[in-house]
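Peer 1: need coordinates for the below:
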Amino acid sequence: MHIAIAGNIGSGKTTLTTLLAKHYSWQPHFEEVDENPYLNEFYDDMMRWSFNLQIYFLHSRFRQIHSFRSQNKNVIQDRTIYEDANIFAPNLHDMGLMSSRDFNTYQELFGLMEEFIKAPDLLIYLNASVPTLVRQIQKRGRPYENSIRLDYLQNLNDRYTDWIKGYDKGRLLVIDVDQLEFDSKPEDLGKVIEKIDAELNGLF
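Peer 2: Take a look at the predicted model:
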């Protein structure tokens with residue numbers, strides 16, 4: 001079984017992935033952030049490094065999917081390949097931070113990869129307002145995220161809203177996280193787990 005957690009930067013994906021992997025004894029697969037050789041440069045000069053960054057993430061997530069599909073284990077994934085192609089890359093292109101030539105090349109590559117992958121059995125989307133995202137980004141204190149622009153986060157949020165409205169690849173659970181602190185309040189984590197259990201009962 002493949003569970004995936006989607007959401008904007010700072011929405012709590014990695015934290016929830018860790019907590020759910022422990023609770024359900026699922027194998028976690030995290031986004032390759034610290035290992036990404038382009039991330040620091042990207043936030044300093046988005047136009048120069050946007051294509052390199054997105055290609056790295058595309059390759060990384062495709063490799064992840066191939067790996068855990070072949071292992072036949074219950075896994076939970078931090079962010080999906082669909083978010084790269086439907087949200088992050090188009091947003092960079094529309095903001096003038098990725099050329100049309102690079103964007104078209106990226107889309108063609110994703111289209112080819114999509115023929116060889118299967119969507120998650122359950123997608124959990126963490127919906128968060130920009131103030132919540134900013135607060136959580138500041139809380140974790142990654143230096144390279146200090147320069148993230150508010151309009152960049154808002155544009156991503158708008159794209160997430162549109163993408164989730166039209167998501168039809170499998171089961172979907174939307175969790176509003178503005179009023180939740182599942183990393184520090186067991187009762188909030190319990191609320192999330194209750195909702196997930198209800199969805200999982202329909203998968204078996």
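
Peer 1: which residues touch the spatially most central residue of the chain?
Peer 2: Centrality entry for the chain: nearest residue to the mean C-alpha point is residue 79, 2.7 Å, by C-alpha atoms, centre = their mean. Neighbouring residues of residue 79 by C-beta atoms under 8 Å, 6 or more residues apart in numbering: 4-7, 13, 31, 61. For the C-beta atoms, the positions are set from N, CA and C on the backbone; glycine is no exception.

Peer 1: ok, and for the helix or strand of the chain with the lowest mean pLDDT, which residues are buried?
Peer 2: Ranked by mean pLDDT, DSSP states H and E, the weakest helix or strand in the chain is helix 39-44, scoring a mean of 85. For helix 39-44, the neighbour count (16 or more other C-beta atoms under 10 Å) marks 39, 42-43 as buried.

Peer 1: equivalent analysis for stretch 97-112, please.
Peer 2: Within stretch 97-112, the residues scored as buried using 16+ other C-beta under 10 Å are 97-98, 102-103, 106, 109-110.

Peer 1: for the chain, just list every one of the strands.
Peer 2: Remark: strands assigned in the chain by DSSP state E are 2-7, 27-29, 75-78, 122-127, 171-176.

Peer 1: in the protein, where is pLDDT below threshold?
Peer 2: Along the chain, the parts satisfying pLDDT under 70 run over 34, 144, 147, 203-204.

Peer 1: that one: helices as residue ranges?
Peer 2: 13-24, 39-44, 46-71, 81-83, 89-94, 100-114, 130-140, 150-165, 186-200 (DSSP state H).

Peer 1: show me the contacts for residue 123.
Peer 2: Contacts of residue 123 by C-beta under 8 Å, 6+ apart are 4-6, 80, 167, 169-173.

Peer 1: as JSON lines, these with distance to residue 25 and neighbour count would be great.
Peer 2: Output for those, formatted as JSON lines (distance: C-beta to C-beta, whole Å; neighbours: other C-beta atoms under 10 Å):
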{"residue": "4", "distance to residue 25": "17", "neighbour count": "26"}
{"residue": "5", "distance to residue 25": "17", "neighbour count": "27"}
{"residue": "6", "distance to residue 25": "22", "neighbour count": "25"}
{"residue": "80", "distance to residue 25": "22", "neighbour count": "24"}
{"residue": "167", "distance to residue 25": "27", "neighbour count": "17"}
{"residue": "169", "distance to residue 25": "25", "neighbour count": "12"}
{"residue": "170", "distance to residue 25": "22", "neighbour count": "14"}
{"residue": "171", "distance to residue 25": "20", "neighbour count": "16"}
{"residue": "172", "distance to residue 25": "23", "neighbour count": "15"}
{"residue": "173", "distance to residue 25": "19", "neighbour count": "17"}
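
Peer 1: tell me which two in those are the farthest apart.
Peer 2: Distance extremes for those: the farthest pair is 5 and 169 at 14.9 Å, using C-beta to C-beta.
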